[in-house]
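Student: sequence first, then the predicted structure, then my questions.
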Amino acid sequence: MKKLITLSISLFTTVLFAQETYLQCGNIVDVQTGKILTEKTIVISGNSIKSIENGYKSGGSKDLVVDLKNKTVMPGFIDMHVHIESESNPGAYIQKFTLNEADVAFNSTIYAKKTLMAGFTTVRDLGGSGVNISLRNAINKGTIVGPRIFTAGKAIGTTGGHADPTNGMKKELMGDPGPKEGVVNSVDDARKAVRQRYKDGADVIKITATGGVLSVAKSGQNPQFTLEEIKGITETAKDYNFLTAAHAHGDEGIKRAILGGINTIEHGTLMSEETMDMMVEHHTYLVPTITAGKEAAENGNKPGYYPEVVAKKAREIGPKIQAMFAKAYKKGVPIAFGTDAGVYPHGENAREFVYMVEAGMPVMEAIKSATITNATLLGMGDNLGQLKEGFLADIIAVEGNPKDDVSTLKNVSFVMKEGQIFKGE
């Protein structure tokens with residue numbers, strides 16, 4: 001009897017695994033060419049795309065057929081800059097003293113699900129407490145629902161810098177955090193901090209090359225690393241196969257990050273045209289985060305939303321990102337899609353597409369930046385970012401044609417990640 005039960009379970013598992021899914025697609029976005037293909041069927045086997053057929057196919061009686069004939073289908077989006085553990089709110093500066101790690105963890109599961117349901121099947125998390133590493137692991141195991149996460153764990157800053165977790169605290173609480181906590185003050189510290197991120201289980205490295213808007217510190221733009229420290233980070237990161245990102249608003253800090261070998265510049269708000277030329281020369285990517293800039297500026301005008309030292313910076317820096325992006329795009333600076341979700345509500349990531357198009361980037365280029373470009377940067381260009389045979393089945397759909405109306409990307413009605421449907425019939 002025991003053998004019979006085992007055999008039955010084995011057969012049942014095989015039948016489930018053998019089932020294929022047929023997505024009958026009215027329109028498909030070919031993100032490589034920017035063309036819209038019509039009347040295609042995507043055949044999903046397991047977690048990947050088996051084939052893309054002409055016309056509408058149905059498979060066998062045991063296969064699942066999904067009618068997307070009235071929708072536009074494309075690869076799942078990739079956001080290269082989120083903070084999945086938290087979300088901006090008027091009480092955020094108090095919550096770091098009141099929320100336990102478990103509270104942060106439970107909240108992060110909500111933000112993760114919202115992100116996936118918005119069509120973002122992959123994200124790069126650029127800094128939190130370390131809960132983001134456990135969140136990534138739980139999603140990978142299927143324990144909770146969320147996007148595929150590449151995380152920096154805790155970002156790396158300097159004493160008093162944007163990523164110093166003790167900024168704004170009274171002296172008794174400040175202490176002297178070091179490389180383990182992501183605070184460095186020398187080349188040796190910088191190397192140790194990268195190695196600690198590796199030990200912690202991070203996927204990428206994020207530094208705060210300049211002051212920031214939301215930290216409780218006076219400057220939002222001053223350079224906060226020496227060039228030698230940045231090189232210590234990037235050289236060590238290369239040894240461990242880490243992609244590197246630098247938060248940077250001020251021009252001098254951006255220059256040092258580029259010369260130091262950083263892969264992506266986050267925000268880039270006050271970047272000069274000379275520095276834009278440097279980014280083109282060094283093939284350094286800009287992750288613009290226009291949405292976060294607009295949201296921070298709006299919240300900076302709400303009495304009591306931020307501490308005044310933060311509100312002042314938000315009003316000054318936030319409104320400038322979109323205009324900078326427009327110049328950078330025209331200059332030919334490489335662009336990677338990223339939004340800084342968490343500064344604004346999670347799940348609204350697609351607002352960035354609208355702002356990018358407003359600034360002069362064609363819709364299909366914006367979509368490409370959130371698919372092929374980001375997949376390639378993450379080292380997943382052969383698995384993600386396109387609808388192709390053999391690629392992971394990360395597939396989303398919207399009701400309209402984004403070429404006609406980019407805002408349709410804010411209303412994703414179908415989400416599949418690795419062959420599993422999370423949203424839609």
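Tutor: That came in fine, so what should we check first?

Student: helices of the stretch 251-400 of the chain, start to end?
Tutor: For the stretch 251-400 of the chain, the helices defined by DSSP state H, counting those that start in this stretch cover 251-259, 273-282, 290-300, 308-317, 321-331, 351-358, 363-369, 372-377.

Student: tabulate these (TSV), appending distance to Asn107, mean neighbour count and mean pLDDT.
Tutor: For glycine as for every other residue, the C-beta is placed from the backbone atoms N, C-alpha and C. Shown next, in TSV, are those (distance: least, Cβ to Cβ, whole Å; neighbours: other Cβ atoms under 10 Å; pLDDT from 0 to 100):
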stretch	distance to Asn107	mean neighbour count	mean pLDDT
helix 251-259	31	23	98
helix 273-282	35	15	98
helix 290-300	18	23	97
helix 308-317	21	19	94
helix 321-331	27	19	98
helix 351-358	21	22	98
helix 363-369	29	22	98
helix 372-377	25	22	98
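
Student: closest to Leu68 out of those?
Tutor: helix 363-369 (17.2 Å; Cβ to Cβ).

Student: packing partners for the closest one?
Tutor: With contacts defined as 3 or more Cβ pairs under 8 Å, 6 or more residues apart in numbering; DSSP states H and E, the packing partners of helix 363-369 are helix 351-358.

Student: pull the helix it packs on out as PDB, backbone CA atoms only.
Tutor: The C-alpha coordinates for helix 351-358 follow below in PDB (Å, rounded to 0.1, in the frame of the first residue of the first chain):
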ATOM      1  CA  ARG A 351       4.800  56.200 -13.000                       C
ATOM      2  CA  GLU A 352       8.400  56.400 -14.000                       C
ATOM      3  CA  PHE A 353       7.600  55.500 -17.600                       C
ATOM      4  CA  VAL A 354       5.200  58.500 -17.900                       C
ATOM      5  CA  TYR A 355       7.800  60.900 -16.600                       C
ATOM      6  CA  MET A 356      10.500  59.500 -18.900                       C
ATOM      7  CA  VAL A 357       8.300  59.900 -21.900                       C
ATOM      8  CA  GLU A 358       7.400  63.400 -20.800                       C
END
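
Student: mind giving me the packing neighbours of that helix?
Tutor: helix 290-300, helix 321-331, helix 363-369.

Student: need the ones you listed in JSON lines (columns: distance to Lys40).
Tutor: JSON lines is the format used below for these (distance: least, Cβ to Cβ, whole Å):
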{"stretch": "helix 290-300", "distance to Lys40": "32"}
{"stretch": "helix 321-331", "distance to Lys40": "31"}
{"stretch": "helix 363-369", "distance to Lys40": "17"}
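
Student: among the ones you listed, which comes closest to Ile230?
Tutor: For Ile230, the closest of the helices and strands packed on helix 351-358 is helix 321-331, at 20.7 Å, according to Cβ to Cβ.

Student: okay, the angle between that closest one and helix 351-358?
Tutor: 60 degrees (axes from the mean of the first three to the mean of the last three Cα atoms, to 10 degrees).

Student: what's helix 321-331 packed up against?
Tutor: Helices and strands touching helix 321-331, by 3+ Cβ pairs under 8 Å, 6+ apart, are helix 273-282, helix 290-300, helix 351-358.

Student: angle of it against helix 290-300?
Tutor: 160 degrees.

Student: need the CA coordinates for helix 321-331. CSV is fine.
Tutor: C-alpha atoms of helix 321-331 as CSV (Å, rounded to 0.1, in the frame of the first residue of the first chain):
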residue,chain,number,x,y,z
ILE,A,321,15.7,65.3,-11.6
GLN,A,322,13.4,65.2,-14.6
ALA,A,323,15.1,68.1,-16.4
MET,A,324,18.5,66.6,-15.7
PHE,A,325,17.2,63.3,-17.2
ALA,A,326,16.0,65.0,-20.3
LYS,A,327,19.5,66.5,-20.9
ALA,A,328,21.3,63.3,-20.1
TYR,A,329,19.1,61.3,-22.5
LYS,A,330,19.8,63.8,-25.3
LYS,A,331,23.5,63.6,-24.6
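
Student: ok so, going back, would you convert the helices and strands packed on helix 321-331 into TSV that also reports distance to Val184?
Tutor: Formatted as TSV, the helices and strands packed on helix 321-331 follow (distance: least, Cβ to Cβ, whole Å):
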stretch	distance to Val184
helix 273-282	23
helix 290-300	25
helix 351-358	31
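
Student: which stretch among those comes nearest Asn100?
Tutor: The nearest among the helices and strands packed on helix 321-331, by Cβ to Cβ, is helix 290-300 at 25.5 Å.

Student: just checking, Gln51 is part of a strand?
Tutor: For residue 51 the amino acid is Ser, not Gln. Yes - residue state for Ser51 (DSSP: H, G, I helix; E, B strand; the rest coil) corresponds to a strand.

Student: verify the stated contact: it with Val43.
Tutor: Yes - Ser51 is in contact with Val43 according to Cβ atoms under 8 Å; the separation is 4.7 Å.

Student: these two: who's more crowded?
Tutor: Val43 (18 against 14; other Cβ atoms under 10 Å).

Student: residues in contact with stretch 194-203?
Tutor: By Cβ atoms under 8 Å, 6 or more residues apart in numbering, the residues outside stretch 194-203 that reach it are 130, 133, 136-137, 149-154, 156, 179-180, 205, 233, 236-237, 240, 242-243.

Student: same question for stretch 253-261.
Tutor: Here stretch 253-261 has contacts from 207, 209-210, 221-227, 230-231, 233-235, 238, 244, 246, 248, 265, 268, 270-271, 275, 278-279, 282, 284, using Cβ under 8 Å, 6+ apart.
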